[in-house]
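Q: Let's see this in three dimensions:
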Amino acid sequence: QSEHRIPIVFSNPDLLWKTQFKNARFGQGAFRLSLEACYRARMIALGLPQKEIDERLECFIQFGKPHIPQFLHAREAAIKQAQEKRCSISQFYMVGDNPRSDIRGAVSMSKLAEENKLLADWSGILVRTGVYQNGDKMMGAE
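A: I've put the predicted structure just below:
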């Protein structure tokens, strides 16, 4: 029954993350994809119709970069701090090592700012350490 479904919340969609180990490791994004694939396969094996499978998968809720709510929250927190200090923000910068999440989120926010005429624009600054490897697509980073 749909009213008894428990949402599964994921805090970060990154497929990879970097530590001191020389190679990137699987992140929570890999876990989500794996769990979703297993869940889907089980529902198919049980003979559930595709519509119900899709409805059940709506209980998989994603937060974190590059999703807009994460960046809107950061924007609002920064604006609140600026107002407390009686200053304004003309530009937001997302500094990160993952083009697919950090930079992609900043690019999405820049488009949103342009479409909605928000006060400050967004730029993504890619640090070439961590997840980023030479030759990776920069996804609009500066």
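Q: Sheet-wise, list the partners of the helix or strand of the chain with the lowest mean pLDDT with their directions.
A: Least confident helix or strand of the chain, by mean pLDDT, DSSP states H and E, is strand 16-17 with a mean of 80. According to DSSP bridges, strand 16-17 forms sheet pairs with strand 25-26 (antiparallel).
Q: Next secondary structure after the partner strand?
A: Next in sequence after strand 25-26, counting helices and strands by DSSP states H and E, comes helix 28-45.
Q: contact partners of that next one?
A: With CB atoms under 8 Å, 6 or more residues apart in numbering as the test, helix 28-45 has contacts from 8, 10-16, 52-53, 56-57, 60, 62, 64. All C-beta spots, glycine's among them, are computed from the backbone N, C-alpha and C.
Q: So which bits of that helix are buried?
A: 28-29, 32, 39-40, 43 (16 or more other CB atoms under 10 Å).
Q: Output the contacting helices and strands for the host helix or strand of residue 76.
A: Element membership of residue 76, judged by DSSP H and E, is helix 68-84. If you count contacts as 3 or more CB pairs under 8 Å, 6 or more residues apart in numbering; DSSP states H and E, helix 68-84 packs onto strand 91-96, helix 104-116.
Q: and these, which one is worst for confidence?
A: Of all those, mean pLDDT reaches its minimum on helix 104-116 (a mean of 89).
Q: give me the low-pLDDT residue ranges for the protein?
A: Scanning the chain for pLDDT under 70 picks out the ranges 1-2, 118-119, 142.
Q: Now do the SS call for the residue of it most remote from its centre.
A: Distance from the centre of the chain peaks at residue 47, with 32.2 Å (CA atoms, centre = their mean). Assigned with DSSP: H, G, I helix; E, B strand; the rest coil, residue 47 falls in the coil class.
Q: Next, the angle strand 91-96 makes with the helix holding residue 76.
A: 130 degrees (axes from the mean of the first three to the mean of the last three CA atoms, to 10 degrees).
Q: Please point out which parts of helix 68-84 sit buried.
A: Buried residues in helix 68-84, counted by 16+ other CB under 10 Å: 70-71, 74-75.
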